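S.K.: Fold the following for me, if possible:
(chains A, B, C and D)
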2 protein chains.
Amino acid sequence: MPGRNGKGPAWWRGKFRGCGYRLTVPRETIIEVLSKAAKHLSAEEIYLAVHKVYPAIGLTTIYRTLELLVQIGLVFKFDFGDGRARYELAEGPKGIRQHYHLVCTNCGRVIDYTDFIDEAKEFLSQTMKALTEKYNFKIANHLIQFYGLCEKCQK
Amino acid sequence: MPGRNGKGPAWWRGKFRGCGYRLTVPRETIIEVLSKAAKHLSAEEIYLAVHKVYPAIGLTTIYRTLELLVQIGLVFKFDFGDGRARYELAEGPKGIRQHYHLVCTNCGRVIDYTDFIDEAKEFLSQTMKALTEKYNFKIANHLIQFYGLCEKCQK
DNA sequence: TTGGGAATGAAAACCATTACCATTTAGGAG
DNA sequence: CTCCTAAATGGTAATGGTTTTCATTCCCAA
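M.R.: Model prediction:
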């Protein structure tokens, strides 16, 4: 099961070489951090995590690498409206990660839900097919967010 | 048909008074601009539009008012990842506006689609009901975005 | 091993948004 | 209608996440 431990020939290396990008310690470490993170991290959180392993890292490199990873399609970039972007691996061991969120418009809390996805699948596949045809738009990913008040903020 | 012209007793005034907020020229003008805009505008675009009618307007007031309108639920705030937020009236003459987008990850173009919404309705109502129950989350609005490459950027 | 372009990191620049504060204004009380 | 007071405004300065600049370092193909 390649890519599960830190040493094996990671599944994403081919993507780098294929695009002509170099494999460097900062880049590997950033992907390592992202793959171990359960949730969407901010640039600063990634910086701090990488810094523990590779103290020479610069914040600039974090941003540059993330931009590159987003470009390649390895990473997904979110914006929940709190002024800082969040990043998450687009792919995981179980395939494409899903991005379904409940966003509290009062406190900013974000709940990732993974339920009710089967119901979404059919609707999504139909809609994507139709949109692709009508707008000639090549869909690579999608995002569904519900906004409202979380349990605490309803009081 | 109240609220269609600039003088009639606009449909949103009650919302202001009810919350204890004052009716001012800047606020009225900002809502006016938003209601005439077909699409999501950035703060600066709103500023420029208001400035034509009310040159004394300050950018600070634009931001403050938009924040208020978002709070009240009159306006919806988007973030497409280009570093500036976009704003759009949450309600329109035809009721709640829908927020379904195709976002090009290459050029940043945003396509609003209004097709295939009926198919979404059933799925959404079911999912919202289930999410509301499971997470005790009071859903007020939702957003569906598909990311990919637009027609031009596929070449 | 070596050459050269890609990648890096520190510091400065950038820019949308927010905070500060003195002034003006809406709108209810009298 | 006039006063009064808290709310609202707007110019300016500050904030803070992100990007640019540029000299230095590093990957890697030959």
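S.K.: Is the spatially closest residue to A:Phe16 that is not a sequence neighbour in a helix, a strand, or coil?
M.R.: The shortest distance from A:Phe16 to any non-neighbouring residue, by C-beta to C-beta, 6 or more residues apart in numbering or on different chains, is to A:Leu23 (5.7 Å). Backbone N, C-alpha and C define where each C-beta goes, glycine included. For A:Leu23, the assignment made with DSSP: H, G, I helix; E, B strand; the rest coil gives coil.
S.K.: Need the pLDDT of A:Leu23.
M.R.: For A:Leu23, the pLDDT comes out at 93.
S.K.: Any regions of chain A where pLDDT drops low?
M.R.: A:1-11, A:92-96 (pLDDT under 70).
S.K.: What residues does it have near DNA strand C?
M.R.: A:21-22, A:24, A:26-27, A:54, A:56-61, A:64-65, A:83 (C-beta under 7 Å from any atom of the strand).
S.K.: quick one: which of those residues is nearest to chain B?
M.R.: A:Gly83 (9.7 Å; C-beta to the nearest C-beta).
S.K.: circling back: and the two most separated of the residues of chain A next to DNA strand C?
M.R.: A:Arg22 and A:Gly83 (32.1 Å; C-beta to C-beta).
S.K.: what packs against the helix ranked longest in chain A?
M.R.: As assigned by DSSP state H, the longest helix anywhere in chain A is helix A:117-135. Using 3 or more C-beta pairs under 8 Å, 6 or more residues apart in numbering or on different chains; DSSP states H and E as the contact test, the elements touching helix A:117-135 are strand A:138-149, helix B:117-135.
S.K.: And the helices in chain A, which stretches?
M.R.: A:13-19, A:25-36, A:43-53, A:59-72, A:117-135.
S.K.: Turn those helices into a markdown table, columns for distance to A:Val103.
M.R.: Formatted as a markdown table, these follow (distance: least, C-beta to C-beta, whole Å):
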| stretch | distance to A:Val103 |
| --- | --- |
| helix A:13-19 | 30 |
| helix A:25-36 | 21 |
| helix A:43-53 | 18 |
| helix A:59-72 | 20 |
| helix A:117-135 | 17 |
